[in-house]
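K.L.:
have a look at this prediction, sequence included:
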Amino acid sequence: MTLDAKIPAGPIEQKWEKHRFDLKLVNPANKRKFSILVVGSGLAGGAASATLAELGYDVKCFCYQDSPRRAHSIAAQGGINAAKNYQNDGDSIRRLFYDTVKGGDFRSREGNVYRLAQVSVEIIDQCVAQGVPFAREYGGHLANRSFGGAQVSRTFYARGQTGQQLLLGAYQALSRQIARGKVKMYPRTEMLDLVVHEGRARGIVVRDLVTGEVRSETGDAVVLATGGYSNVFFLSTNAKGCNTTAIWRAHRRGALFANPCYTQIHPTCIPVSGDYQSKLTLMSESLRNDGRIWVPDDAGDERKPGDIPAEDRDYYLERKYPAFGNLVPRDIASRAAKEVCDAGRGVGPGGRGVYLDFADAIRRLGRKAIEERYGNLFEMYERITDENPYEVPMRIYPAPHYTMGGLWVDYNLMSNVPGLYVVGEANFSDHGANRLGASALMQGLADGYFVLPYTIGDYLARHMGEGPLPTDHAAFGQVEEEVRERVRRLLTIDGSRTVDSFHRELGQICWDKCGMSRDRESLREALRILPELRERYWAEVKVGGDGEELNQSLERAGRVADFLELAELMCLDALDREESCGTHFRTEYQTPEGEALRRDDEYAYVAAWEHGGESEDPVLHKETLDFENVALSQRSYK
Amino acid sequence: MRLKLQIWRQPGPDSAGRLVDYELADVSPDMSFLEMLDVLNEGLIEKGEEPVAFDHDCREGICGTCGMFINGQAHGPRARTTTCQLHMRSFRDGDTIRIEPWRARAFPVIRDLVVDRSPFDRIIQSGGFISVNTGSAPEANITPVPKDVAELAMDAAECIGCGACVAQCPNGAAQLFTAAKVSHLNVLPQGRAERDRRVLAMVRAMEESFGSCTNYAECEAVCPKGISIDFIARMNRDFLKAALTEGEGGSR
């Protein structure tokens, strides 16, 4: 198999424009003859569904939540990047492009990233027109804040709820199309498999989560917008329902899975408080604009934070990275926190925490200014920990948050399975080995509003007049039967352990062996125990209830079964990539200062894995990354 | 902590429900309310009993999925707090806690504590948007929006659509939910063109499913995002103005 990313030729500034001209079009009268299935209703899926319907396509949109307004994009706090240069501080499309390629530690595609930076400006225009209430200056113009990994202010925000407001914008646009009859919405419906016939994606098999009905849905193209897989770690900042099932099932049907080992651990989350913990809560990275991160100089310093004088504190990010200070990219901030905690200097229960201190900012700006900027975050912190961050420093620790890996797609966002498109966090495309803050919202909306609606037409135009495959075709029947059989199997094991207990065990293995740092031994160990865990799962899990009703334990059981398989591929990919880059930190490969040591000669490629079937090992395909516009260099934030 | 729970169990929309008693020991005050229910459910599954179905997702107070009546109060005793953000330290050792689904005619029970809130989506579909196709937006800074107007719009836009307002209202009215969306869009210059049509359509869609507002203000008291009933007054004013000029080709 040769991987063709289909990056257009020509200067990078002109690639997207040239490509848009070269793409085939579907004329307006013909668009309504095509039906498109969109799975997921977050920023990418919601924006794509609304925009495709505006163009005239018939869209069916599916989500597991009770309403499309609840997709996990809603939880993004800090903001969305765009190269508007409103602050006159030297920003440009080229700088956003450069920061993103560098932030991703030179493991992303230049062509994709440049396009992302180009359309970023249109996203802000679109969202403002939809009524997204971004923060404003007194003159009525849009306000910006700075964010990790950048030295310019290019982040647009709506208090600490930017994701919510952008998602509601997309949801409102989607609702308008539902009212027009152009989108048929299926909430509480989960995709359980992909139907591929004669090499092309022809539809999906879904389960109605209320009635338990398993049925087929057919379309001319399938778009997966189902988010990332951080919940493989069980404890993550993702919503409890976030899962890998849609992309993992597509992978099993032939779609390549790219860079599964690139998983982002966010530096500023509330630390774990007990064994019952069900999820971790993020505190927006924007807090690092004003908060200062520190730990005591000495291990075992039991004094209260307020009693530790400045000379006994180590503001380790400011010390190690004077140029960026507390605003270094996430991967660097997370690893630095782990390092000081491993050295016994962590604070709070179990020593797994560092201080994020606002005392200086409150002295400098006044409590009111801090309240205006971060009030809701402070409230959230206080609710969870019962501590008041205006008076005592926050305690934070890194937690799994985002996955840069995902299904492989070309420049058109189409996977290697013709007719199967993947957008947003579910694909692997734009962030390389590390995503910069405020860039997830940008990518989700870029894919959904401004990229997919152009590129999908090119594929559809080539299949004019063919029509969707009828759902009574044997290809659908067979997949439906396999899905039903799997549900039956999960229900009949009737073992002794709950789904969650297995999920916790899986998460602990992934966190210990394939978390913030990995090494050959830990990964080999993981690859030895994960298959055993999977075997035990299918022998000992206890699901309960039946399949013809709302059964939340059954929903989780299917998702965890897929996480168990994905975890193995994630560890295999981490083992195979014998270098450190971005979030993928192999302890064997570090510079004398302890920074990630890339090995560009051997590893400047996208690792795209092909499923090997039940008995064969996955097959690695490589897409070489060429850097023509940004010189490969050791990242420096000093 | 040791707790007694009385939980509403109802196998399906058409079956009868009842309160069932459970006891739970070793509850940590640092647990969230939903984590306490997780512990209960793990125990029930292990014993071969049906776990309690409840809706939840982000568990950080923003998706609006969770929501239950806790001791007769939507989202429980703590002000401006969703069920998922409520922690057991808000209760005392030995407490009895009664847990019920949202109680509202417009939100029928699907199972146990899970209800159907789709009438909210229908209100938004009737007009809770600005009609602007992707690609047709002008440059973002071309229309300045005064800071206080943007803040006011944001105050309204913070609604998470959880339905606590409806559940707590003795009339099962959805005025606060509807007013929040009407106001968010109507106060912004971008939303002006459709202001009249929006408020007329949304109020009418609301009245198809929900009860009438008689100013109890229970909605504001339980709203986890602290949305003010001032927005209801604003919506009523917009509605009246629009209704008086309806059909005259005014702003719509």
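P.N.:
Cool, the structure landed.
K.L.:
contacting residues around the nearest residue to B:Ser126 once chain neighbours are set aside?
P.N.:
Once flanking residues are discounted, B:Ser126 sits nearest to B:Ala205: 3.6 Å by C-beta to C-beta, 6 or more residues apart in numbering or on different chains. C-beta here means a position set from N, CA and C on the backbone, and glycine is covered the same way. Neighbouring residues of B:Ala205 by C-beta atoms under 8 Å, 6 or more residues apart in numbering or on different chains: B:Arg122, B:Ile123, B:Gln125, B:Ser126, B:Gly127.
K.L.:
so how many other residues sit close to the residue in chain B positioned nearest to chain A?
P.N.:
Using C-beta to the nearest C-beta, B:Pro144 is the residue of chain B that sits closest to chain A, at 2.7 Å. When counting by other C-beta atoms under 10 Å in any protein chain shown, one arrives at 16 neighbours for B:Pro144.
K.L.:
so B:Leu37 sits right up against B:Val52, yeah?
P.N.:
Yes - assessed by C-beta atoms under 8 Å, B:Leu37 is found in contact with B:Val52 at 6.3 Å.
K.L.:
touching, A:Gln590 and A:His584? I think so.
P.N.:
No - applying C-beta under 8 Å, one finds A:Gln590 not in contact with A:His584, separated by 11.9 Å.
K.L.:
so for stretch A:66-77, what's the average pLDDT?
P.N.:
What stretch A:66-77 shows for mean pLDDT is 97.
K.L.:
can you point out the buried residues in it?
P.N.:
With burial defined by 16 or more other C-beta atoms under 10 Å in any protein chain shown, the residues of stretch A:66-77 counted as buried are A:Asp66, A:Ser67, A:Pro68, A:Arg69, A:Arg70, A:Ala71, A:His72, A:Ser73, A:Ile74, A:Ala75, A:Ala76, A:Gln77.
K.L.:
one step back: so what's the backbone phi/psi at the residue nearest to B:Ser126?
P.N.:
phi -60, psi -40 (degrees, to the nearest 10).
K.L.:
next up, the contacts around the closest residue to A:Leu365 other than its chain neighbours.
P.N.:
With C-beta to C-beta, 6+ apart as the criterion, A:Leu365 has its nearest non-adjacent residue at 7.4 Å, and that residue is A:Asp290. A:Asp290 is in contact with A:Phe358, A:Ala361, A:Leu365, A:Ile370, A:Arg373, A:Tyr374, counting by C-beta under 8 Å, 6+ apart.
K.L.:
mind redoing it with 10 Å?
P.N.:
By C-beta atoms under 10 Å, 6 or more residues apart in numbering or on different chains, A:Asp290 lies in contact with A:145, A:326, A:356-358, A:360-362, A:364-365, A:369-370, A:373-374.
K.L.:
about what we covered before: closest to B:Thr65 among the buried residues of stretch A:66-77?
P.N.:
Relative to B:Thr65, the closest of these is A:Arg70; by C-beta to C-beta it sits at 5.3 Å.
K.L.:
how much space between that closest one and chain B?
P.N.:
4 Å (C-beta to the nearest C-beta, to the nearest Å).
K.L.:
get me the contact residues on the stretch 151-252 of chain B for chain A.
P.N.:
Contact residues (C-beta under 10 Å from any C-beta of the partner chain) of the stretch 151-252 of chain B with chain A: B:151-162, B:181, B:184-191, B:201, B:205, B:225.
K.L.:
related to what we said a few turns ago, which pLDDT value does the model give the residue nearest to B:Ser126?
P.N.:
98.
K.L.:
equivalent analysis for A:Gly350, please.
P.N.:
So, for A:Gly350, pLDDT stands at 88.
K.L.:
contacting residues around it?
P.N.:
A:Pro271, A:Val272, A:Ser273, A:Cys341, A:Tyr397.
K.L.:
which parts of the stretch 51-200 of chain B are strands?
P.N.:
Along the stretch 51-200 of chain B, the segments classed as strands by DSSP state E, counting those that start in this stretch run B:69-70, B:73-74, B:96-100, B:109-111, B:114-115.
K.L.:
rewinding a little: give me the buried subset of the residues of the stretch 151-252 of chain B next to chain A.
P.N.:
For these, buried by 16+ other C-beta under 10 Å: B:152-162, B:181, B:184-188, B:190-191, B:201, B:205, B:225.
K.L.:
which of those fall within helices?
P.N.:
B:Leu152, B:Ala153, B:Met154, B:Asp155, B:Ala156, B:Ala157, B:Lys181, B:His184, B:Leu185, B:Asn186, B:Ala201, B:Ala205 (DSSP state H).
K.L.:
what sits closest to the second one if chain neighbours are left out?
P.N.:
Distance criterion C-beta to C-beta, 6+ apart; nearest residue to B:Ala153, sequence neighbours excluded, is A:Pro133 at 4.1 Å.
K.L.:
can you count the residues close to that neighbour?
P.N.:
Quick note: A:Pro133 (other C-beta under 10 Å) scores 29 neighbours.
K.L.:
longest helix in chain A, by residue count?
P.N.:
helix A:552-576.
K.L.:
what about that one, average pLDDT?
P.N.:
On average, helix A:552-576 scores 98.
K.L.:
so that helix, near chain B or not?
P.N.:
Yes - using C-beta under 10 Å from any C-beta, helix A:552-576 reaches chain B at A:Gln552, A:Ser553.
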